[in-house]
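>>> Sequence and predicted structure below; questions after.
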Amino acid sequence: MKSRKTTAALFAVLASTAILITVYSASAYSVASHVHEYNGVLIWPTPGYSFLPWPVAPTGIMIMIIEPLNQTDTQYYQYVINSGILLVLTTVLWLATFLVALKYRKLNTAPKIEAAHHFQLNGV
């Protein structure tokens, strides 16, 4: 019984984390589509973009002013977005979530099978 509760809790944590990371990834790649390289420098087309703490893009009327990425956004773009770590993390989280869901399903169906087997052995 405890194993089922642990598996259910693990599934809830993994599923919510996977959903959060998926939404974050979509936002990050949406913001990353606005990054350009000009003479070896990464730039935003308009001030107001940022990757951290949550990827944001400016809204409203935009004035086209080229702004270089700060050091944090540059490193985040190069090491997390371009390297594909964010996509790998999202994929691994979803795979783990599905594996835990399959384990939970197997645990929920196991007692029914054992009970039917018990009745067959006892001649009931």
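Structure's in. What do you need? Residues are numbered from 1 along each chain as shown.
>>> any low-confidence regions in the chain?
For the chain, applying pLDDT under 70 flags the ranges 1-2, 110-124.
>>> What ranges does it have for its strands?
36-38, 41-44, 67-68 (DSSP state E).
>>> Give me the distance between the residue positioned nearest the centre of the chain and Asn82.
The chain has Ile21 as the residue nearest its centroid, 2.5 Å off, counting by C-alpha atoms, centre = their mean. As judged by C-beta to C-beta, to the nearest Å, Ile21 and Asn82 stand 18 Å apart. Bear in mind the C-beta positions are built from the backbone N, C-alpha and C, glycine included.
>>> next one: His34
In terms of C-beta to C-beta, His34 sits 14 Å off from Asn82.
>>> Could you list the buried residues of stretch 49-59?
Buried residues in stretch 49-59, defined by neighbour count with 16 or more other C-beta atoms under 10 Å: 49-51, 55.
>>> got it, and stretch 86-103?
For stretch 86-103, by 16+ other C-beta under 10 Å, it's 86, 89-90, 93-94, 96-97, 100.
>>> what's in contact with it?
By C-beta atoms under 8 Å, 6 or more residues apart in numbering, the residues outside stretch 86-103 that reach it are 7, 10-11, 14-15, 17-18, 21-22, 24-25, 28-29, 80.
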